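Q: predicted model and sequence follow; I will ask about them next.
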Amino acid sequence: MAGLPGPFLCGTLLGYLCLSGLAVEVKVPTEPLSMPVGKTAELTCTYSTSVGDGFALEWSFVQPGKPISDSHPILYFTNGHLYPTGSKSKRVSLLQNPPTRGVATLKLTDIHPSDTGTYLCQVNNPPDFYTNGLGLINLTVLVPPSNPSCSQNGQTSVGGSAALRCSSSEGAPRPVYNWVRLGSSPTPSPGSMVQDEVSGQLILTNLSLTSSGTYRCVATNQMGSASCELTLSVTEPSQGRVAGALIGVLLGVLLLSVTAFCLIKFQKERGKNPKETYEGSDLREDAVAPGVSEHTSRADSSKGLLERPSSASTVTTTKSKLPMVV
C-alpha cells in the first residue's frame with residue numbers, strides 16, 4: 001500500500017494537464033445585438049486556450065434565413081498576420097491585434113442594412129482537440145422607414161369600395177402603417193374603414209360623397225417615421241351611362257310612335273281608295289262572264305269575231321258593263 005500514492009498522484013496530474021491543455025472555449029453574448037445604421041458595431045468574442053504556433057482565428061458571416069454552411073469569411077488571423085477579406089474588408093478589424101490574449105472581438109464600422117445577419121467567431125488551436133471553439137452573434141442594423149409610396153385601387157363612385165395602399169422600401173425593424181384622414185370632414189364610420197397595420201392597406205367600403213378627402217399614411221418603427229398622402233375623390237355614378245340609357249328609352253318610344261302612326265295612316269288610305277277601273281284592252285278574250293258556261297262562251301266568241309266589222313274600234317268598259325248573254 002505504500003507505493004500507491006505515487007501512481008495515483010501521477011494519474012491525477014496527467015488528467016489535470018489533459019483537461020487544461022486540450023480544450024478551447026469561445027464565449028459570445030447570448031442576446032442579439034442591434035445598432036443604428038451608420039454606427040460602429042463591436043461583436044464581442046472571448047476564448048480560453050493555450051495559444052500555440054498553430055493558433056488561428058476566423059470571423060465569417062451568413063445572411064438572415066440561410067444555414068450556417070452558407071457562411072463566407074470576412075477576416076482571418078493566422079501565422080501572426082491579419083487578413084480582412086470579402087466585401088466588408090475595408091470596414092472590419094480586431095479590437096486587439098494580435099488576438100492572442102483571449103480577446104477576438106470584431107469591429108465593424110459604418111454598418112449598412114446589408115450587414116444584418118449572423119456572425120461566426122471560430123478559434124482553432126491544433127493541440128486542443130476537445131473544443132467548443134465556435135460562437136454565433138446575431139446583428140440587426142436598425143434603419144428608419146424610407147418615404148412610403150401611396151396608391152389606390154377600386155371603384156371610387158358612390159356606393160363603391162376603394163383600397164388605399166402604403167409601403168416603405170426600407171425600414172428595420174419592419175415598419176407598421178397607420179392611415180389617418182386630414183381635415184375637418186366627417187370621419188367614415190368604423191365599419192366602412194378597415195386598415196391592416198402590417199400590410200399598410202386601408203379598405204373603404206360603401207363610399208359616399210363625404211368619403212372624399214386627403215388621407216395620410218404614416219410608417220413608423222423605433223428609428224423614426226415617414227409619411228405620404230393621397231387624395232380620394234368620390235363621384236356620382238357615371239352621368240354618361242344614365243344619359244345613354246335615357247336616350248335609348250326615348251329612341252325606343254319614338255320608334256314605336258312612328259310605327260303606330262304609319263300603320264294607322266296606311267289603314268285610312270286603304271279605306272279611302274275607289275274601285276279599280278280597267279281598260280277594255282286589259283280584258284282577256286277568253287274570259288268567261290258570270291252565269292255563262294265555257295262552251296257557250298267560246299261559241300259566242302267565235303261568232304262575234306265573224307260578225308265584227310273591220311272598222312270597229314276598241315271600246316273602253318268596266319267590269320260592271322260586261323254584256324250578258326241570254
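A: Happy to help now that I have it.
Q: which regions of the stretch 51-200 of the chain sit below the pLDDT cut-off?
A: Segments of the stretch 51-200 of the chain classed as low confidence (criterion: pLDDT under 70) are 129-132, 185-191.
Q: can you give me the strands in it?
A: Ranges of strands in the stretch 51-200 of the chain, per DSSP state E, counting those that start in this stretch, are 56-62, 72-78, 81-84, 92-94, 106-108, 117-124, 130-132, 134-142, 149-154, 162-167, 176-181, 193-196.
Q: export these to a markdown table and tack on mean neighbour count and distance to residue 228?
A: For glycine as for every other residue, the C-beta is placed from the backbone atoms N, C-alpha and C. Shown next, in a markdown table, are the strands of the stretch 51-200 of the chain (neighbours: other CB atoms under 10 Å; distance: least, CB to CB, whole Å):
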| stretch | mean neighbour count | distance to residue 228 |
| --- | --- | --- |
| strand 56-62 | 20 | 34 |
| strand 72-78 | 17 | 37 |
| strand 81-84 | 13 | 41 |
| strand 92-94 | 18 | 37 |
| strand 106-108 | 21 | 33 |
| strand 117-124 | 21 | 30 |
| strand 130-132 | 13 | 50 |
| strand 134-142 | 18 | 22 |
| strand 149-154 | 14 | 4 |
| strand 162-167 | 19 | 6 |
| strand 176-181 | 18 | 10 |
| strand 193-196 | 15 | 15 |
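Q: nearest to residue 261, out of these?
A: Proximity to residue 261 (CB to CB) singles out strand 149-154 among those, at 48.7 Å.
Q: residues contacting residue 171?
A: 143-146, 219, 221, 223 (CB atoms under 8 Å, 6 or more residues apart in numbering).
Q: list just the nearest of these to residue 259.
A: Among these, and counting by CB to CB, the member closest to residue 259 is residue 219, at 65.9 Å.
Q: that closest one: what secondary structure?
A: strand (DSSP: H, G, I helix; E, B strand; the rest coil).
Q: doesn't residue 225 make contact with it?
A: Yes: using CB atoms under 8 Å, residue 219 makes contact with residue 225 at a distance of 6.3 Å.
Q: between these two, who's got more neighbours?
A: The neighbour count for residue 219 versus residue 225, taken as other CB atoms under 10 Å, is higher for residue 219 (25 against 16).
Q: turn the contacts of residue 171 into CSV, including distance to residue 134.
A: Below are the contacts of residue 171 laid out as CSV (distance: CB to CB, whole Å):
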residue, distance to residue 134
143, 29
144, 34
145, 35
146, 36
219, 38
221, 32
223, 32
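Q: just these now: which is nearest residue 268?
A: Once CB to CB is applied, the member of the contacts of residue 171 that ends up nearest residue 268 is residue 219, at 80.2 Å.
Q: who's in contact with that closest one?
A: Residue 219 touches 145, 148, 166, 168, 171, 175-177, 200, 225-227, counting by CB under 8 Å, 6+ apart.
Q: and with 7 Å instead?
A: 145, 148, 166, 168, 171, 175, 177, 225-227 (CB atoms under 7 Å, 6 or more residues apart in numbering).
Q: with residue 85 instead?
A: Residue 85 touches 73-76, counting by CB under 7 Å, 6+ apart.
Q: try 6 Å
A: By CB atoms under 6 Å, 6 or more residues apart in numbering, residue 85 lies in contact with residue 73.
Q: and the gap between it and residue 111?
A: According to CB to CB, to the nearest Å, residue 85 and residue 111 sit 18 Å apart.
Q: tally of neighbours for residue 55?
A: 23.
Q: quick one: contacts for the residue lying closest to it once chain neighbours are set aside?
A: Nearest residue to residue 55 in three dimensions, chain neighbours excluded: residue 125, at 5.1 Å (CB to CB, 6 or more residues apart in numbering). By CB under 6 Å, 6+ apart, the residues touching residue 125 are 24, 49, 55.
Q: for the contacts of residue 219, which one is nearest residue 266?
A: Distances from residue 266 to those, taken by CB to CB, are shortest for residue 166, at 69.8 Å.
Q: for the nearest residue to that closest one once chain neighbours are set aside, list each beta-bridge partner.
A: Spatial nearest neighbour of residue 166, chain neighbours left out: residue 217 (3.4 Å); criterion: CB to CB, 6+ apart. Under the criterion DSSP bridges, residue 217 forms beta bridges with residue 179, residue 228.
Q: what's the spacing between residue 217 and residue 58?
A: 45 Å.
Q: ditto for residue 37
A: For residue 37 relative to residue 58 (CB to CB), the value is 26 Å.
Q: just residue 157 next, same as before
A: 64 Å.
Q: how about low-confidence regions in the stretch 201-326 of the chain?
A: 238-246, 272-326.
Q: again, only this time at 90
A: 206, 208-211, 235-326 (pLDDT under 90).
Q: in terms of residue numbering, what are the domains of this structure?
A: Annotated domains of the chain cover 22-142, 149-232 [automatic domain parsing].
Q: between these, which one is nearest to residue 269?
A: domain 149-232 (52.6 Å).
Q: end to end, how far does the closest one reach?
A: 15 Å (CA to CA, to the nearest Å).
Q: now that domain, how far from the centre of its chain.
A: Distance, stretch centre to chain centre, for domain 149-232: 16 Å (CA atoms, centre = their mean, to the nearest Å).
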